[in-house]
Each structure stands twice: as C-alpha cells, then as structure tokens.
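Chemist: after the sequence you'll find the predicted model.
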Amino acid sequence: MNTPHLSRRHLMLGAAAIPAAASLPLSARAEAPQMGAALPPYRRFKLGAFEVTTLLAGTRTVPEPQKIFGLNATPEEFAAASEANFISPDAAQFFFTPTLINTGSELILFDTGLSPDGIVAALAAAGYTADQVDRVVVTHMHGDHIGGMYSDAPTFANAAYSTGSVEMDHWDMSGNDGFEAKIRPLQDRFDLLDDGTDVTSGITAMAAFGHTPGHMAFHVESEGERLILGADFANHYVYSLAHPDWEVLYDADKAAAAQTRRKLLDMMATDRVPFIGYHMPFPALGYVANRDSGYEYVPSSYQMMIET
Ligand SMILES: [Zn+2]
C-alpha cells in the first residue's frame, strides 16, 4: 500500500463506506468470490424477418501482432496505428465468431470454430443444439473455420453443406491435414457456390478471394435490411481497416486480399451496411467509416435493437 498516493476522494469514499458495512450482519460482509473475466457468449438481433446470432466460439491473446497484421509496415507505423486506437502493439486479442442465421424456415451456421466441442458449446449458450442446424456454410477452409465440422462423426447430424466451388477445388487438389480430417468425410454432401449463388432466399455468396483462393463473403437481406458476413476479408478491426494494404500473414495471395479488402470496405462505407467479421472483437458486428486513406471500424451499439 502506498497511502500517501490515496486521493482525498478515495479517503472520503472509504470513510463513507464504514457505517453502512458496520450495520450489516457479519455473514453478509464475507467477500464475494471473484468470478474471472467474462464476455457474454452470444449476441442476437433481428434483420428483417431473419434472426442473426453471433457466437463466441473462442478467444485468446496472441503476442507480436505486427508479425501477423503488418508484415510490410515499419515498427513505428505499427506502433502509431496501435497507439491511435488505444491498443497495445505487443499483443492482440483474437476472437472466433461463427454466425447463425435463422431465416424462420432454416437454421444456417456460417463457419464452425476451432473444434466440435467448442461450436456445440457456443450453440448451446445461444439456445440451440447441433442437430437443429439445417445447413453449414463454410466461408473458407482454414482450421479455425472448419475445426468444428467433424470428429469421428459429423457434428451437425442433419445438416447440408455449402462452400465456394473455387475453395473446394483448391483444397481438394492441394489437400492438408485439416481438409482431410474435417471436409473430406463430408465432401460429397457439399453444394458448391459461385459469386452470386443464393444459399437460400436472401443470402447470396460474394467472391472475396485472396485470404484463401476461394474465400467467400455473404450478402444477407431480409425485408430491405442488409448485412454482410465478411468472414476473413479483414482480420483485425484496426490494422486491416486503417491500413487495408498492410500484408497479413494468413492471406494466401496478399495483393488479391488487399484488393478484396478495399473493394468490400468501400462498399460497406458507401452503402453504410453493417458487417459481421469473424475475427472482429466480439460481438463482431460493426460499420465501416472512411478515415484518412483507409477506414475505421465503428462497433454496433443499439442500431439493431431499434424496433421499427
Ligand atoms: Zn479465420
């Protein structure tokens, strides 16, 4: 304790608290247990006739974010962008956020997190079971998106599957352990999407190539209300939006990914349409504003709660 640094305000609050505490029975004065840091595990809102739920399927702290999000930035540029947005240049918080859309007739899950247990728990927190999912849409085939698909048996026993045709072809040809474990067993059950293909009425695939060869975003519209599911077109809410041309470790084709980023960000800023980004800070829902030569992420507050 460093009492000389206690402010007058602290001392006054401390003094004011004593009489109230003294009047309580002894048992009520026991210290309540600390519960640990926590986030609400889902966010649900209406989009026209659809219900949209973002699911927190995982979060973790990752050191040295410049080695991921700013490969071609100088340390000074990276530090300046971090400081301007009140985040540390030395560590980033990662989020993994699958999205569930209940159209009223179908329950559609976009991406599946890191593991079957993780996505089942995330669904349960939002009130759903895996066997209620009618369709699983895979935006692209990185492990943090396909990890929940399969383990000995399909996680989603009653689901049909959709993914981009370019994405399926790429991984079918090149393969890797994740694809063999999570997609290959279900491969025959996939419907393949191209740019402009409807997943269902009101949900349309958009080619957003670059992060992976066939990475897809989705345009969602119900009763005139719009939303973009951006998946991994931008992987950090500050670095990828303020500096769309900064190279990202995980982008397979860095130039194509930057081009896709600028195209989608420009559309979102111009149309003022909200988006869900798989790696945006949970609940992963926000808007895009023009800022300098790049963009700014504006987290959603109550826009989706206004009753019309
Ligand atoms: Zn990802």
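Modeler: Thanks, I have the structure now.
Chemist: contacts (any at all) between the ion and stretch 112-125?
Modeler: No. Against the ion, stretch 112-125 shows no contacts by C-beta under 5 Å from the ion, the least distance being 9.8 Å. (Glycine included, C-beta is placed from N, CA and C.)
Chemist: pull out the buried residues from that stretch.
Modeler: Neighbour-count burial for stretch 112-125 flags Thr112, Gly113, Leu114, Ser115, Pro116, Gly118, Ile119, Val120, Ala121, Ala122, Leu123 (criterion: 16 or more other C-beta atoms under 10 Å).
Chemist: run the chain-centre distance for that stretch.
Modeler: Mean-position distance between stretch 112-125 and its chain equals 14 Å (C-alpha atoms, centre = their mean, to the nearest Å).
Chemist: and if you look at stretch 152-164?
Modeler: The offset between the C-alpha centroid of stretch 152-164 and the centroid of the whole chain comes to 21 Å, using C-alpha atoms, centre = their mean.
Chemist: swap in stretch 236-249?
Modeler: The chain centroid and the centroid of stretch 236-249 are separated by 15 Å under C-alpha atoms, centre = their mean.
Chemist: with stretch 29-39 instead?
Modeler: Here the centre of stretch 29-39 is set off from its chain's centre by 28 Å, with C-alpha atoms, centre = their mean.
Chemist: do me a favour and get the end-to-end distance for it?
Modeler: The separation between the terminal residues of stretch 29-39, taken as C-alpha to C-alpha, to the nearest Å, is 27 Å.
Chemist: ditto for stretch 84-97
Modeler: By C-alpha to C-alpha, the extent of stretch 84-97 from end to end equals 26 Å.
Chemist: need phi/psi at Gly70.
Modeler: Main-chain dihedrals, Gly70, degrees, to the nearest 10: phi -140, psi 50.
Chemist: any idea how far Thr155 is from it?
Modeler: When C-beta to C-beta, to the nearest Å is the yardstick, Gly70 and Thr155 sit 35 Å from each other.
Chemist: looking at the buried residues of stretch 112-125, which is nearest Ala49?
Modeler: Here the nearest of the buried residues of stretch 112-125 to Ala49, counting by C-beta to C-beta, is Leu123; it sits at 21.4 Å.
Chemist: what does the pLDDT read for the closest residue to the closest one other than its chain neighbours?
Modeler: Across the structure, with C-beta to C-beta, 6 or more residues apart in numbering as the measure, the residue nearest Leu123 apart from its sequence neighbours is Ala130 (6.0 Å). Here, the pLDDT recorded for Ala130 equals 98.
Chemist: please report phi then psi for Ala130.
Modeler: When read as degrees, to the nearest 10, the backbone of Ala130 gives phi -60, psi -30.
Chemist: looks like it contacts Ser151 (just checking).
Modeler: No. Ala130 lies out of contact with Ser151 (C-beta atoms under 8 Å); the separation is 11.7 Å.
Chemist: who's more crowded, these two?
Modeler: Under the neighbour definition other C-beta atoms under 10 Å, Ala130 and Ser151 were set side by side, and Ala130 has more, 20 against 14.
Chemist: OK, contacts around that one?
Modeler: Taking C-beta atoms under 8 Å, 6 or more residues apart in numbering as the contact definition, Ala130 lies against Ile119, Val120, Leu123, Thr155, Phe156, Ala157.
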